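Participant: Got a sequence here, can you model it:
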Amino acid sequence: RIANLIRELQYPNFNENSLSDVEKFRLWKESGGKKGEEDFDMLFKKNNAEFIKDADIEKYRHWAEQNYRSPYTGKTIKLSELFSEKYQIDHIIPRAKFYDDSFGNKVVVEAEVNALKDNRLAIQFIEDTQGKEIRLSNGETTKVLSLNEYKKFADDVFTSNKKKRNLKLYE
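Facilitator: Okay, the predicted model is just below:
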């Protein structure tokens, strides 16, 4: 289901279940000779689930679990921007400190916030930078949540993920 949603977002002009779309692409393929056939095959292959990256599915799952918000800033993450370079998956406990690449140790955050966090634990980052304004790549600014806001976010949002809810406490 997530792969289909991502496919729709990435390739909004092609519906493999639409007879009209399939017919248009068939005619395009036939009229273009060998080059048209190669172009068609590439375009069609791009629309298959095999080209949906596992990382994109994982990013979507984190985004949904986080109630569509960044856990470090509380800022809403637009679905239309989720798969852009504006957002990255962050390890709550950095892999450099403790190798844990599990789903429970990851969240989706703004790329600039992730860079600023660097190799700190999430709780250390929040303690060190709470309330600090960060300029984002789109020219907007956002503030890092206070320690209390961060803990409340984790308690409220990660109700079904005990590991993520407890990771906020690691110091």
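Participant: Past the helix or strand bottoming out on mean pLDDT in the chain, which element shows up next along the chain?
Facilitator: Of the helices and strands making up the chain, the lowest-confidence element is helix 33-46, at a mean of 53, by mean pLDDT, DSSP states H and E. From helix 33-46 onward toward the C-terminus, using DSSP states H and E, the following helix or strand is helix 54-65.
Participant: Which neighbouring elements make contact with that following helix?
Facilitator: helix 2-10, helix 79-82, strand 87-91, strand 106-110 (3 or more Cβ pairs under 8 Å, 6 or more residues apart in numbering; DSSP states H and E). Just so you know, the C-beta spots here come from the backbone N, C-alpha and C atoms, and that holds for glycine as well.
Participant: Tell me what angle the third one forms with strand 106-110.
Facilitator: The directions of strand 87-91 and strand 106-110 differ by 140 degrees, with axes from the mean of the first three to the mean of the last three Cα atoms, to 10 degrees as the criterion.
Participant: what does the average pLDDT come to for strand 87-91?
Facilitator: Mean pLDDT, computed over strand 87-91, is 94.
Participant: Which helix or which strand is home to residue 151?
Facilitator: Applying DSSP H and E as the criterion places residue 151 in helix 147-157.
Participant: Check which residues of that helix are buried.
Facilitator: For helix 147-157, the neighbour count (16 or more other Cβ atoms under 10 Å) marks 149-151, 153-154, 157 as buried.
Participant: I'd like these as JSON lines, with distance to residue 104 and pLDDT appended.
Facilitator: Formatted as JSON lines, the buried residues of helix 147-157 follow (distance: Cβ to Cβ, whole Å; pLDDT from 0 to 100):
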{"residue": "149", "distance to residue 104": "21", "pLDDT": "94"}
{"residue": "150", "distance to residue 104": "17", "pLDDT": "92"}
{"residue": "151", "distance to residue 104": "17", "pLDDT": "90"}
{"residue": "153", "distance to residue 104": "16", "pLDDT": "91"}
{"residue": "154", "distance to residue 104": "12", "pLDDT": "89"}
{"residue": "157", "distance to residue 104": "13", "pLDDT": "88"}
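Participant: Sounds good, over and out.
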